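Trainee: Give me a 3D structure for the following:
(chains A and B)
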Amino acid sequence: MLLISCPWCGEREETEFHYGGQAFVAYPADPESLSDEEWAQYVFFRDNPKGDFAERWVHSAGCRRWFNTVRNTVTSEFQS
Amino acid sequence: MTVEDLRRSPLADYPGVTEIPFLTMVDVRVPPAGDAAARISARLGGPLPVVPNSVVQAGARHILWLGPDEWLVVGPDGDSELAGMFPEAVDVSANRTTIEVRSRDLLEHGCTVDLHPRAFHAGRCAQTTIARTQVILWQTSDEPVYRLLVRASFATYLADWLSDASGS
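Mentor: Below is the predicted model of the structure:
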């Protein structure tokens, strides 16, 4: 069992959470000027590092709030 | 036939499980520091709790913290006047029913929240899962007495599970 720390509710079991992918993927500043290639990069392409990775999670069975965290993709240790 | 006649509690005929049917639940979504929050707490006669997972009593009502800008006001049957007074308050009574449980051991069969008195005690609540069902778990007394606010359509499942777990 993996305990994940919700910034509001404290430590809860992993099954209460859902994963939201990479954090800080900004919406394009001028979306109408994007080429198909740039749209594809924005919509489908994400970093896949070995090590610390900034991610979004949602405490879906609890307070239902989204939060950002840093997880080590090798050990699944949460940094923050 | 009126709406009152059609109303039925999900566990009315269920043996061995204590249901508290028809509690009024009003969901309040409001920024905690704004004027609207002040008006609502003045009407409630008590502050909206800002400590996560805590419960404050205001007269016959209890105010449960559900999120940084969300609360659940639980009152006796028919007590939904708040929902008519404030656009931020919505009557969600039909969403959930309430099961009362008087055993920590029983809940610990299916709940991953630490229920030991050092971590969880009267006046605390938590939104979590019990036996894979989403519930609002609320401890009303240190005896201990817990209330499980469970969605009406999951109530018989949870009652089945509690009944089974209490025999094991």
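Trainee: any weak-confidence spans in chain B?
Mentor: B:1, B:3-4, B:168 (pLDDT under 70).
Trainee: now do chain A
Mentor: Along chain A, segments meeting pLDDT under 70 span A:80.
Trainee: Repeat the analysis, applying 80 as the threshold.
Mentor: Low-confidence segments of chain A (pLDDT under 80): A:1, A:80.
Trainee: Contacts only, for the residue in chain A positioned nearest to chain B.
Mentor: As assessed by Cβ to the nearest Cβ, chain B sits closest to residue A:13 within chain A, at 4.1 Å. Every residue, glycine included, has its C-beta placed from N, CA and C. Listed by Cβ atoms under 8 Å, 6 or more residues apart in numbering or on different chains, the contact set of residue A:13 reads A:1-4, B:112.
Trainee: Also residue B:51?
Mentor: residue B:65.
Trainee: And for the one 4 residues further on?
Mentor: Contact partners of residue B:55, counting by Cβ under 8 Å, 6+ apart, are B:49, B:62-65, B:123-125, B:138.
Trainee: ditto for residue A:66
Mentor: By Cβ under 8 Å, 6+ apart, the residues touching residue A:66 are A:20, A:56-58.
Trainee: most residues in a single strand of chain B, which one?
Mentor: strand B:133-141 (DSSP state E).
Trainee: so what strands line up beside it?
Mentor: strand B:124-130 (antiparallel), strand B:145-151 (antiparallel) (DSSP bridges).
Trainee: ok, of the contacts of residue B:55, which one's closest to residue A:38?
Mentor: Within these, the smallest distance to residue A:38 is 43.3 Å, found for residue B:65 (Cβ to Cβ).
Trainee: Check the secondary structure at that closest one for me.
Mentor: State at residue B:65, reduced to three classes by DSSP: H, G, I helix; E, B strand; the rest coil: strand.
Trainee: That one bridge partners, please.
Mentor: Taking DSSP bridges as the rule, residue B:65 bridges to residue B:71.
Trainee: re earlier: are any of the contacts of residue A:13 buried, and which?
Mentor: Neighbour-count burial within the contacts of residue A:13 applies to A:4, B:112; the criterion is 16 or more other Cβ atoms under 10 Å in any protein chain shown.
Trainee: Mind putting the contacts of residue A:13 into CSV with secondary structure and distance to residue A:79?
Mentor: Shown next, in CSV, are the contacts of residue A:13 (DSSP: H, G, I helix; E, B strand; the rest coil; distance: Cβ to Cβ, whole Å):
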residue, secondary structure, distance to residue A:79
A:1, coil, 19
A:2, coil, 14
A:3, strand, 14
A:4, strand, 12
B:112, coil, 22
